[in-house]
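Peer 1: Okay, sequence plus prediction incoming.
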Amino acid sequence: MKKLLVALTMSISTLMLTTVANAAPHFDDERHMDQRHGQGQGKKARDRGDHEDHRRVREERGVKRLQQMRWQPGYVMPQHYRGNGYKVEYKDHKLPKPDRKQQWYKVNNEYILVDSDSNSIIRSLGH
């Protein structure tokens, strides 16, 4: 009877351990092996550096695109430029007086007159 009880206890213990092992998180074997041997940190740093390089290139490309943007009448002023930081007073920059519901903006050394209701560009002056 004692042997039967020991065998039953061992069987249940093995079954429980198997269930727990199957429920454990899965690791990518290559990454897990690299980290165990001290090589994982270099790869992570390299990946992070590559990601930062790609982000920097995208930002530079975006800046160049914005600098090349043509502010033509009828175009809509991008929302990014509608903030107070880009608004200018016409008197301070010797610009023509805007009509009611119009505002001058300065973007990339260019003055842009925008309709405040529709956000469409009315006029553009390069200075």
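Peer 2: Here it is on my side, so go on. Numbering: from 1, shown residues only.

Peer 1: Okay, the nearest residue to K101 once chain neighbours are set aside and H54: tell me how far apart.
Peer 2: The shortest distance from K101 to any non-neighbouring residue, by Cβ to Cβ, 6 or more residues apart in numbering, is to S116 (4.5 Å). (C-beta placed from N, C-alpha, C; glycine too.) Distance from S116 to H54, counting by Cβ to Cβ, to the nearest Å: 38 Å.

Peer 1: Neighbour count: these two, which is higher?
Peer 2: The residue with more neighbours, out of S116 and H54, is S116; 14 against 10, by other Cβ atoms under 10 Å.

Peer 1: so how far is E52 from that one?
Peer 2: According to Cβ to Cβ, S116 and E52 sit 39 Å apart.

Peer 1: Nearest residue to S118 in space, please, no chain neighbours.
Peer 2: Nearest to S118 is V76, by Cβ to Cβ, 6+ apart, at 7.7 Å.

Peer 1: If I look at the residue nearest to K101, what pLDDT would I see?
Peer 2: Per-residue confidence at S116 stands at 92 (pLDDT).

Peer 1: thought it was touching P98?
Peer 2: No. When contacts are counted by Cβ atoms under 8 Å, S116 is not listed as touching P98 (9.1 Å).

Peer 1: So, low pLDDT: which residues of this structure?
Peer 2: 15, 17-47, 62-69, 127 (pLDDT under 70).

Peer 1: can you give me the helices for it?
Peer 2: 2-23, 29-36, 40-68 (DSSP state H).

Peer 1: tell me the contacts of K101?
Peer 2: Neighbour list for K101: D115, S116, D117 [criterion: Cβ atoms under 8 Å, 6 or more residues apart in numbering].
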